[in-house]
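In: 3D, please:
(2 chains)
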Protein chains: 2
Amino acid sequence: MSKQPITPRDQDYSRWYLDVIAHADLVDSSPVRGCMVLKPHGYAVWEAIKDDLDARFKATGHVNAYFPLFIPQSFLSKEAEHVEGFAKECAVVTHHRLKATPDGVIPDPAAQLEEPLVVRPTSETIIWHMYGRWISSWRDLPLLINQWANVVRWEMRTRPFLRTAEFLWQEGHTAHATRTEAEEEAQRMLQVYRDFCWETLAVPVRTGVKTASERFAGAVDTYTIEGLMQNGWALQCGTSHFLGQNFARAFDVTFQNSDGDLEHVWATSWGVSTRLVGALIMTHSDDAGLVLPPRVAPIQIVIVPIYRADKRDMVMDFVGKVRGLLGRRFRVHVDDRDNMKPGAKYFEWERKGVPLRLEIGPRDVENSAVFSKLRTQDGKFGLDVDDGLADKVAEVLDGMQQALLDAAVARRDAATFEVDSYDALKAGLESQPGFYLVPWKDDADNEAAIKADCKATIRCYPLQGQDAAAGRTCFYSGEPATHMALFARAY
Amino acid sequence: MSKQPITPRDQDYSRWYLDVIAHADLVDSSPVRGCMVLKPHGYAVWEAIKDDLDARFKATGHVNAYFPLFIPQSFLSKEAEHVEGFAKECAVVTHHRLKATPDGVIPDPAAQLEEPLVVRPTSETIIWHMYGRWISSWRDLPLLINQWANVVRWEMRTRPFLRTAEFLWQEGHTAHATRTEAEEEAQRMLQVYRDFCWETLAVPVRTGVKTASERFAGAVDTYTIEGLMQNGWALQCGTSHFLGQNFARAFDVTFQNSDGDLEHVWATSWGVSTRLVGALIMTHSDDAGLVLPPRVAPIQIVIVPIYRADKRDMVMDFVGKVRGLLGRRFRVHVDDRDNMKPGAKYFEWERKGVPLRLEIGPRDVENSAVFSKLRTQDGKFGLDVDDGLADKVAEVLDGMQQALLDAAVARRDAATFEVDSYDALKAGLESQPGFYLVPWKDDADNEAAIKADCKATIRCYPLQGQDAAAGRTCFYSGEPATHMALFARAY
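Out: Take a look at the predicted model:
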């Protein structure tokens, strides 16, 4: 763990982000370019995210499966737009054997693959190849499959959680008999993501649809959830794509409808990744380190016993009782390390973002109470152990969860501006970074020009509030507006 | 799903195995050589295995983490024996970009990696590289880390679950201050595996230690759990390795002990994989298809409603009530497909190995009872819905779990033989395949000669019963025996 103090946010936001990660011991860099190691505490946050999302996917009728890591190189060329987007910075496997030489091992020239394999950057191609075998009739539809997997996209500039060459994610791939059903599915999963972010991560994402230039390669529509970080930059937190019949056509996947006619299948795909951990960090953490909302904290409560040697048994017995009272409803950790002072433990768990700390010394045992400290509040408060402790703790943690969401919503709203001139956007981005909502005429060239000029991109056309565009003129071109667009600088 | 009937076991065991898998819809082959697709039902079995094991790992103090998929080629050469074992049939990444050409995409010659990367066949090397950064003092020890991951070993002959190029597994990697502690850890995890197999999979594995020639490349001792399949062939179901200081030396990982002296760290690693699904299938399934022990069945109870249109609501209300009574304690699925007859549903769930089927028709509603059928018993029996249904179902499922284990133990014992001549082994392997326990003088050349002659290998020196070797002569060489050895033909 880092020995340097955490750089304050207002001094250097990027440095602060890396410091929070180092002090919370979430990841380490690896000897493989662009690949990070998820250390136990970082992986535990991802596990908490995964468990919650997996239950939401299953509750909406999805099942998990697992498809191969490797994709035949030729598959990437089959969908015309997909090849543009994904057949680029990929890890390419060309040999299947190493050979020992006096200078160490080398790829064995005699073991070159006939067709190179690509390490999946996303799995539409191989999954739709398989769907071609599994689907023949309307009775086989819908197919509602999700996969938890690692993927690789060779990235030049990486940043922990936000952009790494290998990352962990889930990718849902569904197949439907009708356009309407597929469109509903894409929107349903966007809503599942949105609810998860609000309810579990306390990250108040906005939902919207991407412009053509920000669309997933091969999609008809890309829906997105966009978060606003504390520095006023946006972060795309997840996407859900309506793929139309593009992949069904590319992989020739048809079904016989109930009238006996052959039709191409309709598709969606949707994914979120370890990037969500980055969203969590940048939404809630402070200059003292990581802050984790209780619902996604791997350790929700840490108990720190305080004693001199002669009181050890007495204190630890009481700690055992408290753990017993809380252990069934909460994720509790007792920090009983003997080679560390209580103050050092407080400091460590604070930087690791544990929501609630309970301190238990001999006097607390006598009072049958615990001394409590919330990660996000100054001051400590007592909790009676014999009078509904678990209910009281639930109330405290629910309150913290709600307060984090409220604060994030307030920050987001305070950093959301409506402007109607391009000058106002440019000036605003410099003085008050945030979401900028503007009347806009959909136009890829203008979008590119703005991006080149002031690094702002259209994060989405928000699903809510499009009516406001009616009768207005585009803030950039002066032509009649087609949409309300949300601009921001983004990671 | 396959339309051909399942080949009986006694007709063609290998064919039977593939048929059971096809009829239960567990996997599909993929367009990538040696890689299989885990279909939803197959993946769900792996998920059940994973959830149970993960809880056991956490209960013994282990935490999860995630290390990179790629390993720099040079790492594999660092541990002298490891390179022999693993730097062979690997997937080698040599390029990081594809390039579009008129004939499709190709690896971009301008994007060749300076050092090729190997897709992990196992992660000791990269993990010990990282441990070198994380460990400096005895205070940093032990490190008890597990990883759930995909790995790749380029295999020429593959068989679903038993041997595939890519497979899913967990790999534990622990670091310790003393030899004793590491040896205890390796044996503890072997015991965790053993208990899991007996208690959850109802697969009565034997525990033992491997001979030098069957040891993991880089290990000092390899412990193993060995199952005996219904055809009398052995299946290695998991291994736990005491690695001594081999990887610590190769990656120069030292710690300062409490006296201030530098020592190399002691290590273990241990893993089980999707191969366990193969062990499950070949231990319990029958000529009617898959049999899943209740504790590992993704669906423990399937409810099949039976009605004509006018009784639908009445039956479905009652089905809802039964599901409510059982859903909190068991994994229940209601098969309410309207386009399928009850008999076809029974047949499908039978082949998919669901332990208990409940049939509910109008008359059952009137009687407030359900008609029940266990996967492993002929005949149906009634269950009263209003009189402790969940407890009764628990009893029935526990009974099935125990009966499967008892049957497997009985089969294993009936196919375990003690012989004291090589002729008896050879003849026995032909007429009665199984475990052959023999007095044996440890000798790699003789071991190799026997393998070449009759395809039998030493599965292990069983942990129990080694005293029996004292004073006896080796069944092969006639020299004084050093061990009791368990021979078998194996997958």
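In: C-alpha from now on. contacts and neighbour counts both.
Out: OK.
In: report how many residues lie close to residue A:171.
Out: When neighbours are counted by other Cα atoms under 10 Å in any protein chain shown, residue A:171 registers 23.
In: which residue is nearest the centroid of chain A?
Out: residue A:276 (1.9 Å; Cα atoms, centre = their mean).
In: what lies in contact with the host helix or strand of that residue?
Out: Using DSSP states H and E, residue A:276 sits in helix A:275-284. Here helix A:275-284 makes contact (Cα atoms under 8 Å, 6 or more residues apart in numbering or on different chains) with A:17, A:45-46, A:160-163, A:201, A:203, A:227-230, A:235, A:237, A:290-292, A:404, A:408.
In: could you dump it to CSV, C-alpha only?
Out: Coordinates of each C-alpha in helix A:275-284 appear next as CSV, following Å, rounded to 0.1, in the frame of the first residue of the first chain:
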residue,chain,number,x,y,z
ARG,A,275,-15.3,0.1,-15.5
LEU,A,276,-18.2,0.3,-13.1
VAL,A,277,-15.7,0.2,-10.2
GLY,A,278,-14.1,3.3,-11.7
ALA,A,279,-17.5,5.0,-11.8
LEU,A,280,-18.0,4.1,-8.1
ILE,A,281,-14.6,5.5,-7.1
MET,A,282,-15.1,8.8,-9.0
THR,A,283,-18.6,9.3,-7.8
HIS,A,284,-18.3,8.8,-4.1
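In: quick one: mean pLDDT for that helix?
Out: For helix A:275-284, mean pLDDT is 98.
In: three-state assignment of the residue in the stretch 151-300 of chain A that chain B sits nearest to?
Out: Going by Cα to the nearest Cα, chain B is nearest to residue A:154 of the stretch 151-300 of chain A, at 6.4 Å. Taken by DSSP: H, G, I helix; E, B strand; the rest coil, the conformation at residue A:154 corresponds to coil.
In: now residue A:25: phi and psi?
Out: phi 60, psi 50 (degrees, to the nearest 10).
In: pretty sure it contacts residue A:352?
Out: Yes: under the criterion of Cα atoms under 8 Å, residue A:25 makes contact with residue A:352 at 7.4 Å.
In: more neighbours: which of these two?
Out: More neighbours surround residue A:352 than the other of residue A:25 and residue A:352, with 26 against 20 (other Cα under 10 Å).
In: need the contact list for the closest residue to that one other than its chain neighbours.
Out: Excluding the flanking residues, the one nearest residue A:352 by Cα to Cα, 6 or more residues apart in numbering or on different chains is residue A:24, at 4.3 Å. Residues in contact with residue A:24 (Cα under 8 Å, 6+ apart) are A:1, A:41, A:289, A:290, A:348, A:351, A:352, A:353.
In: what's the span of stretch A:335-355, first residue to last?
Out: With Cα to Cα, to the nearest Å as the measure, the ends of stretch A:335-355 fall 15 Å from one another.
In: to clarify, my last question referred to stretch A:218-232.
Out: Start-to-end, stretch A:218-232 (Cα to Cα) is 30 Å.
In: next, see if the lowest-mean-pLDDT helix or strand in chain A gets close to chain B.
Out: Across the helices and strands of chain A, mean pLDDT, DSSP states H and E gives its lowest value to helix A:80-86, namely a mean of 74. No: Helix A:80-86 is not in contact with chain B by Cα under 8 Å from any Cα of the partner chain; minimum separation 8.6 Å.
In: now do the buried residues in that helix.
Out: A:81, A:82, A:83, A:86 (16 or more other Cα atoms under 10 Å in any protein chain shown).
In: could you check how far residue A:71 is from residue A:364?
Out: Relative to residue A:364, and taking Cα to Cα, residue A:71 is found at 61 Å.
In: same question for residue A:386.
Out: Taking Cα to Cα, one finds residue A:386 at 12 Å from residue A:364.
In: looking at the two, which is more packed in?
Out: More crowded of residue A:386 and residue A:364, by other Cα under 10 Å: residue A:364, with 19 against 12.
In: thought the more buried one was touching residue A:370?
Out: Yes: counting by Cα under 8 Å, residue A:364 touches residue A:370, with 5.6 Å between them.
In: joint contacts of those two?
Out: In contact with both residue A:364 and residue A:370: no residue, using Cα under 8 Å, 6+ apart.
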